[in-house]
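> Following is a predicted model, sequence given first.
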Amino acid sequence: MQPQPLITVSNLTMAYGSFILQRDLNFTIRQGDIFIIMGDSGCGKSTLLRHMIGLKEPAAGSIHFHDTNFWNASEGQRNQIMRQCGILYQSSALFSSMTLAENVALPLRQNSDLAPNEIAELVSLKLRLVGLAGFDQFYPSEISGGMKKRAALARAIALDPEILFFDEPSAGLDPISASLLDNLILELRDSLNATIIIVTHELASIFAIGNNSIFLDSDSRTMIASGPPQTLLQTTKIHKVKQFLTRGGTLQNPFPISQKPDKETPSHE
């Protein structure tokens, strides 16, 4: 039996004024998916993410979370939905004036009635989950780029969200750090029973962790392919999709879709 649909996007059109960025987008994200949004530069991948996390209203169409039409819902209902979501931005978006512990504690202070000692205990747990135990009192300027990503991930999972949104999580990371982050994403999907939506153009990540995907095209301004990345690689007849998925020659996929990488604790960079 297939998992239940968690997010359903129907006939979605994204626009800036009279300029149509993407039109007629239709796809379903199911519970437990690691869903990849991919496509060529400027096609609207990050803009689609902004529509899904409530930062930009569609020009047409709908986005349903379970049975709730997000953009027709009340502000209170939308806030309730977003409290079930965690977001990792491309820039990490950590507050430079706060320690890592203070950054991770922020959503807990804003959205829970936990006592300070309970928040401190949870913060320590979340940092430990992403391999940053002992870095509680460090500031973002004192750690590497990969560690910033993991600290931002700890903040994103502070409230044990049902859904995690990632915008180019591997951007700026070396291949080893990117692979460790992929492994961590898989572990968090399993431990939190979360559904994960990722905007990325990184082939290694797409094939290592994605089990479903869509491909946005900047020329036709709509999605031209959907399905598991491995299946698209093997079966697509669409030249642009094939070209995107085989950049750099024959792709050696280190982790087939059906196989998770061995668990490994991320090292401090």
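That came through fine.
> Where do the strands of the stretch 1-150 of the chain begin and end?
5-16, 19-30, 34-39, 60-65, 68-69, 85-88 (DSSP state E, counting those that start in this stretch).
> Which strands or helices does the last one pack on?
Contact here means 3 or more Cβ pairs under 8 Å, 6 or more residues apart in numbering; DSSP states H and E; on that basis strand 85-88 packs against helix 145-156, strand 163-167. C-beta coordinates here come from the backbone N, C-alpha and C atoms, glycine included.
> Indicate which one of the ones you listed is closest to Ile37.
strand 163-167 (9.4 Å; Cβ to Cβ).
> rewinding a little: can you put the helices and strands packed on strand 85-88 in JSON lines and add mean pLDDT, distance to Thr8 and mean neighbour count?
Below are those laid out as JSON lines (pLDDT from 0 to 100; distance: least, Cβ to Cβ, whole Å; neighbours: other Cβ atoms under 10 Å):
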{"stretch": "helix 145-156", "mean pLDDT": "90", "distance to Thr8": "23", "mean neighbour count": "24"}
{"stretch": "strand 163-167", "mean pLDDT": "94", "distance to Thr8": "13", "mean neighbour count": "23"}
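> Could you dump these into CSV with distance to Thr231 added?
Output for the helices and strands packed on strand 85-88, formatted as CSV (distance: least, Cβ to Cβ, whole Å):
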stretch, distance to Thr231
helix 145-156, 28
strand 163-167, 22
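> circling back to that earlier point, out of the strands of the stretch 1-150 of the chain, which gets nearest to Ser124?
Among the strands of the stretch 1-150 of the chain, if distance is taken as Cβ to Cβ, the winner is strand 85-88, at 17.9 Å.
> Residues contacting the closest one, please?
By Cβ atoms under 8 Å, 6 or more residues apart in numbering, the surrounding residues in contact with strand 85-88 are 53, 149, 152-153, 155-159, 161-167, 169, 194.
> Point to the residue nearest the middle of this protein.
Of all residues in the chain, the one closest to the mean position by Cα atoms, centre = their mean is Phe166, 2.4 Å from it.
> correct me, but that residue touches Thr195?
No. Using Cβ atoms under 8 Å, Phe166 is not in contact with Thr195, being 11.7 Å away.
> re the thing from before, quick one, which of the helices and strands packed on strand 85-88 is nearest to Leu173?
helix 145-156 (5.4 Å).
> Who are the packing partners of that closest one?
Short answer (3+ Cβ pairs under 8 Å, 6+ apart): helix 145-156 packs on strand 85-88, helix 100-111, helix 116-129, helix 175-192.
> And the longest one, what's buried?
Okay, so that is helix 175-192. 177-189, 192 (16 or more other Cβ atoms under 10 Å).
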